[in-house]
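> Requesting a structural model of the entry that follows:
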Amino acid sequence: MIIETATADDVPLLLEFRHQTARWLRSRGIDQWSNPFPTELLRASAEAGTVFIVRDNGVPAATVTLDDNPEPDLWSPEELSEPCKHLHKLTVARDYAGQGLGGRLLNWAGDRTARVGGLWVRVNVWTTNEGLQAFWLSQGYEHVRTVAGGGVGGQGVSGWLAQRRALPTDHGFDDRTERSRT
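Reported below is the predicted structural model:
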């Protein structure tokens, strides 16, 4: 499997990933990602080079965003002063679910963050999605706290905060993210 940097041309694919995941979550009684994500924000992230796609023999298998942009009002000024990356919108195609691909992407994110001098990979997770929180904990993330009223729109729905130390890791991907930006 390869991982490469997404482009603006990938935005329809990225939106479809999000829609598929939202449908799957809804089928499990979870309201996460029930609101449409603004296409222009996703396009801006792709154009900034912070969205990545995993492909398996050309088939899109997963996507993740790794950037320097935390959700507003969640992390303290002291935490924000530490070198870190923020991981967002991790989605795995249903055909690849349960195969450890999400965990490999988290290892890749930790490796990439460590290579640029970051100490932490941080996430903010849907406050009521206990299954997702358990996933993060199972991957070595430590719960920092839950913030009420923070996050996008001050809704507090994504205020479960966790972090994992960024370390060089063998993630097993053919990492083409640097080559795909040239």
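
> CA atoms for contacts and neighbours, from now on please.
Fine.

> Low-confidence ranges, the chain, go.
31-34, 36, 149-157, 179-182 (pLDDT under 70).

> can you give me the helices in it?
Ranges of helices in the chain, per DSSP state H, are 11-27, 39-47, 77-80, 101-115, 130-138.

> okay, those helices in TSV with mean neighbour count and distance to Asn69 next?
Formatted as TSV, the helices of the chain follow (neighbours: other Cα atoms under 10 Å; distance: least, Cα to Cα, whole Å):
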stretch	mean neighbour count	distance to Asn69
helix 11-27	17	19
helix 39-47	16	10
helix 77-80	10	10
helix 101-115	21	13
helix 130-138	14	19
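
> Show me how far stretch 87-94 is from its chain's centre.
Distance of stretch 87-94 from its chain centroid, counting by Cα atoms, centre = their mean, to the nearest Å, is 6 Å.

> List every C-alpha atom in that stretch, with coordinates, as PDB.
Included here for stretch 87-94 are C-alpha records, laid out as PDB according to Å, rounded to 0.1, in the frame of the first residue of the first chain:
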ATOM      1  CA  LEU A  87      -5.000  14.500  13.200                       C
ATOM      2  CA  HIS A  88      -8.400  14.900  11.700                       C
ATOM      3  CA  LYS A  89     -10.900  13.000   9.600                       C
ATOM      4  CA  LEU A  90      -9.300   9.500   9.700                       C
ATOM      5  CA  THR A  91     -11.600   7.300   7.600                       C
ATOM      6  CA  VAL A  92     -11.100   3.800   6.400                       C
ATOM      7  CA  ALA A  93     -13.100   2.400   3.500                       C
ATOM      8  CA  ARG A  94     -15.500  -0.300   4.800                       C
END
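
> I'd assumed Ala162 was in contact with Leu144.
Residue 144: Val, not Leu. Yes - at 5.1 Å, Val144 counts as touching Ala162 under the criterion of Cα atoms under 8 Å.

> More neighbours: the two, which one.
Ranked by neighbour count (other Cα atoms under 10 Å), Val144 and Ala162 place Ala162 first, with 21 against 14.

> got a list of what the more buried one touches?
Listed by Cα atoms under 8 Å, 6 or more residues apart in numbering, the contact set of Ala162 reads 122-125, 136, 141-145.

> quick one: it and Thr113, what's the gap?
Separation of Ala162 from Thr113 (Cα to Cα, to the nearest Å): 16 Å.

> can you give me the offset of stretch 141-151 from its chain's centre?
Centroid separation for stretch 141-151 versus its chain: 16 Å, with Cα atoms, centre = their mean.
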